[in-house]
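Trainee: Please find the sequence and the predicted model below.
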Amino acid sequence: MQFAKYFRAGFSGETGMVRNPRLFYRVAAPALFLFGLLGGVYLAFPEEVLRQRLVYELEARFPIQVELAKAGLQPMLTLTGEKGGIRYLDRHETVVSVERFRFSPFWAGIITGDPGIKGKLFAADGELAFRWQRSGLLALGATALPVDIPLPSGLGMRFVGIITTGQMETAAPLQSATKSLIDLRFEQAALQGLEALTRDAAGLRLGKMSLRMSGQGTLFFIDSLEATGGDVVLSGKGTVTLVKENPQNSQINLNVSVRAGDQEDPTLANFIQLAGTPLPDGSRNLHLTGTLANPVIR
């Protein structure tokens, strides 16, 4: 019977490739070539040489100073590293610090015809995941990620907090037809550098904060900006026109309603009463214009 004949052949281990050696070699040859290629890559790039090369390439292309303790190449062309930091040449402070990272090709993009890279950066208990494809599509996602961002106002202020969840979809570089979406949620948010108003070493505490933006090209709409549970309670909407060549000159147009939160020191509440125009709920309406580097409050 045909079934018995097939069963005997299969059970004895005699497959189509064994019966046809030419087919076996055709399948095995590319696999052996790929294995040899990857092996050659690993042998040609010892960890210390790879680490030095990464630092050199980054510092040669950007005005930054890079610190990297370790780098290596893992299977599936996965680049890994540990204890990395980035400083701008005109500043002594570290602006980006990661405990470890992992980058690899975006293999699924090869099937769709839009390859790219993907990766994760880990800092403290948080992580930042990203995917950047050849077409320019850029997607980022953050979880429990601490942030410490110097603001371009020239007043020594910093925005600090923890991104509990964050998503961004855009393209790099931005084109006129690029559609973007940003959705961020923070905890323990604060503005440092305003201790004189709050008489608190933590600065101006914003508590829980959320920001949702959408945009096309360089025009971004602030659809929702809210902060609760801190020294102030605020909500606002507006626009930001990004200047790609110099982001500090980006134009802002933002309307914010703000009132003092629950606190014993009346200094901040008295200051808020001096700004903007009153609203029926007791808050004040502030109109923020100018640039990111030189904002104007009315």
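Mentor: Sure thing, it's come through.

Trainee: low-scoring stretches of the stretch 51-200 of the chain, by residue?
Mentor: Scanning the stretch 51-200 of the chain for pLDDT under 70 picks out 62, 89-93, 95, 153-155, 196-198.

Trainee: Could you pull out the strands in it for me?
Mentor: Ranges of strands within the stretch 51-200 of the chain are 64-74, 78-88, 94-105, 116-123, 126-133, 137-150, 158-171, 179-192, based on DSSP state E, counting those that start in this stretch.

Trainee: Going by neighbour count, which residues of the helix or strand hosting V49 are buried?
Mentor: Per DSSP states H and E: V49 is located in helix 47-61. Residues of helix 47-61 classed as buried by neighbour count (16 or more other Cβ atoms under 10 Å): L50, R51, L54, V55. For every residue, glycine as well, the C-beta is placed using N, CA and C.

Trainee: Could you do stretch 127-134 as well?
Mentor: Those would be E127, L128, F130, R131, W132, Q133, for stretch 127-134 by 16+ other Cβ under 10 Å.

Trainee: confidence score at the closest residue to P247 other than its chain neighbours?
Mentor: With sequence-adjacent residues excluded and distances taken as Cβ to Cβ, 6 or more residues apart in numbering, P247 is closest to L292, at 6.8 Å. The model reports L292 with a pLDDT of 86.

Trainee: mind listing what L292 touches?
Mentor: L292 makes contacts with L151, P152, S153, P247, Q248, N249, S250, I252, as judged by Cβ atoms under 8 Å, 6 or more residues apart in numbering.

Trainee: Next one: it from R100, what distance?
Mentor: Separation of L292 from R100 (Cβ to Cβ, to the nearest Å): 32 Å.

Trainee: Next: A142.
Mentor: A142 is 16 Å from R100, where distance means Cβ to Cβ.

Trainee: Check the gap between I111 and I86 for me.
Mentor: Going from I111 to I86 by Cβ to Cβ gives 33 Å.

Trainee: and if you look at F221?
Mentor: F221 sits 30 Å away from I86, taking Cβ to Cβ as the criterion.

Trainee: correct me, but V240 touches L225?
Mentor: No. In this structure V240 lies outside contact range of L225 using Cβ atoms under 8 Å: 11.0 Å.

Trainee: hey, what's in contact with both of these two?
Mentor: Common neighbours of V240 and L225, using Cβ under 8 Å, 6+ apart, are L254.

Trainee: Wait, S214 touches D223, no?
Mentor: Yes. The criterion here is Cβ under 8 Å, and S214 meets it with D223 at 5.8 Å.

Trainee: which residues touch V98?
Mentor: K83, G84, G85, L121, F122, A123.

Trainee: Most neighbours among those residues, which one is it?
Mentor: In terms of neighbour count, G84 stands highest of these at 24 neighbours, by other Cβ atoms under 10 Å.

Trainee: so how far is V66 from that one?
Mentor: On the measure of Cβ to Cβ, G84 and V66 end up 7 Å apart.

Trainee: cool, and A144?
Mentor: Following Cβ to Cβ, the distance that separates A144 from V66 is 25 Å.
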